[in-house]
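**Student:** My questions concern the predicted model and sequence given below.
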Amino acid sequence: MGVHWEESRQAFSDAADWFVRTVGRVGDRWGEPGLGEWDVRALVGHTSRSFLTVEAYLERPAEVVEVASAVAYYRATRAIAAGPGVAERGREAGTALGDDPASAVAEIAARVRALVRGCDGTEMLTSVAGGMRLADYLPTRTFELTVHTTDLAVALGEPADVPASAARQTLGLVTALAVEDGAAAPLLLATTGRRGLPPGFSVL
């Protein structure tokens, strides 16, 4: 991906801002459909883990790099992401946001953004996939925030105004994953209007 740390940190911050703003528009719709088996609260809970994992993983410094890029992280965690535990963790995270989820999300985001602002990207952390540098892990959190805030905006019928910095980093990661998996052709054909994507196509 080759993204400069300052650009990456800005993309994360912009994605965080957009998520917090969109959550602030939920109102009383927490029990409405969100994504798949998740209601809006569970979708927001799952997305809030994009902050919480940064905080938790930095508290467990790694000694060696085992996962050298955001692309490698997604390839290493595919089995975990496809497992049933993801849905349940999303529901649990939604419940943990308490009686005022929007305020809880804003507080978590502010805390973790401040943590990231104090980092230079070289920090070592222990992710679910193994040891990583923060500079390689943070784009995965921007990706999650961007994709799931888009999901949330769609669920709420709100405009999906993706911040440019977050969009560039997220789409760059989509492209890198497609290239690594030999799936560049269907993505190119779809995004240039030649044909639709095959059923079930995903870079994840």
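**Tutor:** That came through fine. Keep in mind that what you see is a predicted model, and the values were worked out from it rather than measured.
**Student:** hey, let's count contacts and neighbours off CA atoms from now on
**Tutor:** OK.
**Student:** give me the element the closest residue in space to residue 86 that isn't next to it in sequence is part of.
**Tutor:** Spatially, and ignoring its direct neighbours in sequence, residue 86 is nearest to residue 80 (7.7 Å; Cα to Cα, 6 or more residues apart in numbering). For residue 80, the element it lies in under DSSP states H and E is helix 78-81.
**Student:** Likewise for residue 111?
**Tutor:** Going by DSSP H and E, residue 111 is part of helix 101-117.
**Student:** For residue 122, the count of nearby residues, please.
**Tutor:** 12 (other Cα atoms under 10 Å).
**Student:** cool, the one 4 residues further on as well?
**Tutor:** Burial measure for residue 126: 25 neighbouring residues, criterion other Cα under 10 Å.
**Student:** where does it land in three-state SS?
**Tutor:** strand (DSSP: H, G, I helix; E, B strand; the rest coil).
**Student:** and the gap between it and residue 16?
**Tutor:** Residue 126 is 22 Å from residue 16, where distance means Cα to Cα, to the nearest Å.
**Student:** wait, what's in contact with residue 170?
**Tutor:** 139, 142-143, 146 (Cα atoms under 8 Å, 6 or more residues apart in numbering).
**Student:** you'd agree it is in a helix?
**Tutor:** Yes - according to three-state DSSP, residue 170 belongs to a helix.
**Student:** pLDDT score for it?
**Tutor:** Per-residue pLDDT puts residue 170 at 97.
**Student:** Adjust the sequence numbering to begin at 100 for everything that follows.
**Tutor:** From this message on, residue numbering opens at 100, which makes the last subject residue 269.
**Student:** can you map out the strands along the chain?
**Tutor:** Shown for the chain, the strands assigned by DSSP state E span residues 132-134, 137-138, 223-226, 229-232.
**Student:** Which of the ones you listed sits closest to residue 106?
**Tutor:** Comparison of those against residue 106 by Cα to Cα identifies strand 229-232 as nearest, at 15.9 Å.
**Student:** What are the buried residues along that closest one?
**Tutor:** For strand 229-232, burial by neighbour count (16 or more other Cα atoms under 10 Å) applies to 230-232.
**Student:** contact partners of that strand?
**Tutor:** Taking Cα under 8 Å, 6+ apart as the rule, strand 229-232 contacts 160-168, 220-225.
**Student:** which of those are buried?
**Tutor:** Among those, the ones that count as buried by 16+ other Cα under 10 Å are 160-161, 165-166, 168, 220, 223-225.
**Student:** quick check, nearest of the residues you listed to residue 121?
**Tutor:** So of these, ranked by how close each gets to residue 121 (Cα to Cα), first place is residue 220, at 27.4 Å.
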